[in-house]
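Chemist: Sharing a sequence plus its predicted fold:
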Amino acid sequence: MSVTTTQKGGRTVKHAFSAKLRDRNQVTLSPQLVEKLQLATGDEIEFTVEDGRLIGTPKMSINKDQEWYYSSQWQAEEAEAEAHLQRLEKTDYKTLKTYSSVEEALTELDK
């Protein structure tokens with residue numbers, strides 16, 4: 001099989017794998033493709049048709065008890081926390097004021 005490349009949306013797309021339609025509409029993927037996509041038996045692949053082409057995309061199954069992590073609200077909060085951490089990494093802690101006691105720090109906060 002020869003490898004061909006095309007441009008799609010400003011990116012190069014390589015087409016190097018083929019599959020064969022078998023009895024009962026089953027498709028067999030090459031071992032190289034399975035390895036490249038890190039697929040395992042039982043993994044789901046979503047197929048879409050675009051301009052007469054069949055495009056297969058591996059799908060990730062999410063356990064119900066982990067669904068919250070992938071919500072848009074949680075991901076936005078994760079991004080905010082990550083940005084905050086990056087700002088903290090840039091902080092020069094040598095220029096921060098230090099206190100000799102908790103009472104001194106609390107007094108400073110009351111000002």
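Modeler: Noted; the coordinates are in hand.
Chemist: contacting residues around the nearest residue to residue 39 once chain neighbours are set aside?
Modeler: Distances taken as Cβ to Cβ, 6 or more residues apart in numbering place residue 58 nearest to residue 39, at 6.2 Å, with adjacent residues excluded. (Each C-beta comes from the backbone N, C-alpha and C, glycine too.) With contact set as Cβ atoms under 8 Å, 6 or more residues apart in numbering, residue 58 has these partners: 37, 39, 43, 44, 45, 46.
Chemist: any idea which of the residues you listed is closest to residue 80?
Modeler: Lowest distance from residue 80 to these (Cβ to Cβ) belongs to residue 46, with 30.3 Å.
Chemist: that's a strand at that closest one, yeah?
Modeler: Yes - according to DSSP: H, G, I helix; E, B strand; the rest coil, residue 46 belongs to a strand.
Chemist: Retrieve the pLDDT associated with it.
Modeler: As predicted, residue 46 sits at a pLDDT of 91.
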